[in-house]
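Undergrad: need coordinates for the below:
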Amino acid sequence: MDIRIDDLSGPEIARLLQEHLDEMFLHSPPESVHALDLEKLRRPEITFWTVWKDGALMGCGALKALDASHGEIKSMRTARDHLRKGVAATLMRHILRVARERGYRRLSLETGSPDAFLPARAMYERFGFEECGPFADYVEDPYSVFMTIEL
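TA: Okay, here's the model as predicted:
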């Protein structure tokens with residue numbers, strides 16, 4: 001698998017992120033969807049990666065700088081045709097390595113609480129993330145689960 005910093009200009013990533021947003025709105029009310037669209041993912045505090053193999057987009061994920069010691073994982077998504085191939089785990093290892101290289105002491109994320117998000121939460125737990133309270137600008141929300149890991 002080839003992990004690349006992506007400028008979010010390709011049609012493949014636009015489709016994958018639209019699929020991601022559509023699924024978030026399927027399982028959560030609009031006020032509880034915290035997934036970012038293409039434009040918001042292009043902000044300078046966000047590094048966005050895509051995962052490719054043999055010309056196929058397998059998944060994506062991003063790291064947002066919250067401050068000098070705290071980062072947030074955003075937009076983790078595996079393309080439907082590549083589920084259960086280790087895409088998310090490969091990308092998670094990459095993001096954790098980059099976060100440590102940047103000197104972050106903590107990495108956090110927000111994911112959904114409905115059952116559709118159980119596989120994602122289980123993957124985060126395998127990497128050592130634990131549930132926590134809201135961080136950054138988030139507030140308590142019955143559709144959100146907040147997780148963090150000390151690096």
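
Undergrad: show me what the helix ranked longest in the chain is packed against.
TA: The longest helix of the chain (DSSP state H) is helix 11-27. Other elements packing on helix 11-27 under the criterion 3 or more C-beta pairs under 8 Å, 6 or more residues apart in numbering; DSSP states H and E are helix 38-41, strand 56-67, strand 70-78. (Each C-beta comes from the backbone N, C-alpha and C, glycine too.)

Undergrad: contacts for the first one next, please.
TA: Pointing back at helix 38-41 there. Applying C-beta atoms under 8 Å, 6 or more residues apart in numbering, the external contacts of helix 38-41 come out as 8, 13-14, 17, 46, 48, 62, 74-75.

Undergrad: could you redo the last one with a cut-off of 10 Å?
TA: Contacts with helix 38-41, where a contact means C-beta atoms under 10 Å, 6 or more residues apart in numbering, come from 6, 8-9, 13-14, 17-18, 21, 35, 46-48, 60, 62, 64, 74-75.

Undergrad: what's the neighbour count on residue 30?
TA: By the criterion of other C-beta atoms under 10 Å, residue 30 has 7 neighbours.

Undergrad: how many neighbours does residue 29 have?
TA: Neighbour number of residue 29 under other C-beta under 10 Å is 10.

Undergrad: ok so, going back, quick one, which of the helices and strands packed on helix 11-27 is packed in tightest?
TA: strand 70-78 (a mean of 23; mean count of other C-beta atoms under 10 Å).

Undergrad: I'd like the next helix or strand past that one.
TA: On the C-terminal side of strand 70-78, the closest following helix or strand by DSSP states H and E is helix 87-101.

Undergrad: after that next one, which helix or strand is next?
TA: Downstream of helix 87-101, the first helix or strand assigned by DSSP H and E is strand 106-112.

Undergrad: next helix or strand past that next one?
TA: Counting by DSSP H and E, the element after strand 106-112 in chain order, helix or strand, is helix 118-126.

Undergrad: let me know the angle separating that following helix from strand 106-112.
TA: 160 degrees (axes from the mean of the first three to the mean of the last three C-alpha atoms, to 10 degrees).
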